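A.B. asks: need a 3D model of the sequence below.
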Amino acid sequence: FFSTFIWVRFLGKIHTSFPSVRTACLCLFFLFVSSNTQMPRFLKQKKVVILLNGRYAGKKAVILKHFDKPEGAHNFGRALVAGIDRYPRKVTKRMSNKDKQRRSKFKPFVKLVNYNHVMPTRYNLNVDIDQKIVSIPSLKNQASRLKARREVKTKFAKRLKTGENKWFFSKLRF
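C.D. replies: Numbers count the residues shown, from 1 in each chain. As a prediction, this is how the structure comes out:
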C-alpha cells in the first residue's frame, strides 16, 4: 500500500506538459500493481453461504470443500455444501419435552453447487464433518448420499443442542 501511495505522489508531481512521460509512468505503475496483487479467496471451507437457485434457494449452507479448477463435465468453479432444508421451529419453556423434541427436528442436505448460485456471508461455521463420508463420490448413489446426510445431521444437531450459532438454524425472513 505504501509503495502505491509513493507512486501516486510521484505521478502527481510529473508536469502535465509531458503527457507521454506521464502515460508511460501510469502504464508502468499499473503493470507493477497488477502483477503483484492476487484476488483473495473468499469462498473457503467453513464459510456460510446462501443458495440462490434451485430447490434450496434461500437456504443457508456451509462450504465443505471448494473446487476451483474445471474437471470433466464440470467446466466451472463449484463447492460441496451442506445446509438445512427444513429449519427447526421455535421452542419455548412452557412446552413439554416431547413437543420440544418434535419442534427441534430439522432436515439437512448435501449438494454440489456452482459458485454463481451461491452468495457468501461474512460468517463462518466451524463444523468438523468427515471428508471421507461427505464427498463428491458419496453423492453418486443413494445409500452413500443418505449416509452423508446423516453425518451432517449429527454434526449440526450437536451445534443446535449446545446453542452455538443460533443464527444458522433460524429461517431467513425475506
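A.B. asks: in this protein, where is pLDDT below threshold?
C.D. replies: Residues of the chain that meet the criterion pLDDT under 70 lie in 1-41.
A.B. asks: buried stuff in the longest helix seen in the chain?
C.D. replies: The residue-count maximum for a helix in the chain (DSSP state H) belongs to helix 142-162. Residues R145, A148, R149, E151, V152, K153, K155, F156, A157, R159, L160 are the ones in helix 142-162 that count as buried (16 or more other CB atoms under 10 Å). C-beta here means a position set from N, CA and C on the backbone, and glycine is covered the same way.
A.B. asks: mind checking how far the residue nearest to the first one when sequence neighbours are not counted is from L112?
C.D. replies: Just to be clear, that refers to R145. Nearest in space to R145, with sequence neighbours left out and distances taken as CB to CB, 6 or more residues apart in numbering, is L139 at 5.5 Å. Spatial separation of L139 from L112 under the definition CB to CB, to the nearest Å is 6 Å.
A.B. asks: just T92 next, same as before
C.D. replies: Applying CB to CB to T92 and L112 gives a distance of 38 Å.
A.B. asks: the more surrounded of the two?
C.D. replies: L112 (14 against 8; other CB atoms under 10 Å).
A.B. asks: give me the residues contacting the strand or helix carrying that one.
C.D. replies: L112 is part of strand 107-114 when elements are defined by DSSP states H and E. By CB atoms under 8 Å, 6 or more residues apart in numbering, the surrounding residues in contact with strand 107-114 are 51, 56, 59, 61, 64, 74, 76-86, 134, 136, 138-139, 145, 148-149, 152-153, 156.
A.B. asks: so which of those are in strands?
C.D. replies: Under the assignment DSSP state E, the contacts of strand 107-114 contribute L51, A61, L64, R78, A79, L80, V81, A82, G83, I84, D85, R86 to strands.
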